[in-house]
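J.: Following is a predicted model, sequence given first.
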Amino acid sequence: MITDIKFFSLERMKEVVPSRKIAVVSILDKDEELNRPIFKGFGPVLILQFEDTFEEGKLASPGAWPDEPSEEEHTRFCQRKGERISTLSNARDIVNFLAQRQSEAETWTLIAHCAGGISRSAAVAHWASVKYWVPITGGLGHTDFANARLLRLMDKAANRL
């Protein structure tokens, strides 16, 4: 079960001492990918790649973008070919990863990280904290800037499981 939750920037994640008791959700975008840490010595790791963007940040209504955008829509929303926004599939992967850790007898510290440790990782930490009633003990100390799209998609993914 998850007993502790932290969310960090990429640079702070690189300073974490590996432990088999730490489960990691690593979210970076296409340009950040080359700097992703090697997770040798950690417990289970979920690696995802999508941009830190969401509807409200682009002056669109919450939930206006499709859950599973086409390649053309990904490019339009991100503004560069090959970049991707978060999808319902990404959210399902996160929700399933967290549910698996929560269902295990072993205790886990969950660390979510993204480039800045402010938005994507904060969304994962916030969602897991609320869902499993586990405190967030590391990161900014607040999740005020959590990625709104990712939070919505994780709620939707959890309701469909």
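T.: The structure has been received and is ready for your questions. Everything numeric here is computed off the predicted structure, so don't read it as measured data.
J.: In its sheet, which strands sit next to the helix or strand of the chain with the lowest mean pLDDT, and in what direction?
T.: Least confident helix or strand, the chain: strand 136-138 with a mean of 90, by mean pLDDT, DSSP states H and E. Take DSSP bridges as the rule and strand 136-138 pairs in its sheet with strand 2-8 (parallel).
J.: on that earlier part again, buried set for the least confident helix or strand of the chain?
T.: Neighbour counts using 16 or more other C-beta atoms under 10 Å place 136, 138 of strand 136-138 among the buried residues. Placement of C-beta: from N, CA and C, glycine included.
J.: which outside residues touch it?
T.: Contacts of strand 136-138 with the rest of the structure, by C-beta atoms under 8 Å, 6 or more residues apart in numbering, involve 4-8, 111, 125-126, 129, 143.
J.: Repeat that for stretch 83-96.
T.: 25, 29-30, 46, 48-51, 53-54, 65, 67-69, 74-75, 77-78, 120, 124, 127, 147, 149-150, 153-154, 156-158, 160-161.
J.: Give me the average confidence score over it.
T.: Averaged across stretch 83-96, pLDDT comes to 97.
J.: Kindly report the same for stretch 60-68.
T.: The average pLDDT within stretch 60-68 is 94.
J.: Quick check: end-to-end length of that stretch?
T.: 17 Å (C-alpha to C-alpha, to the nearest Å).
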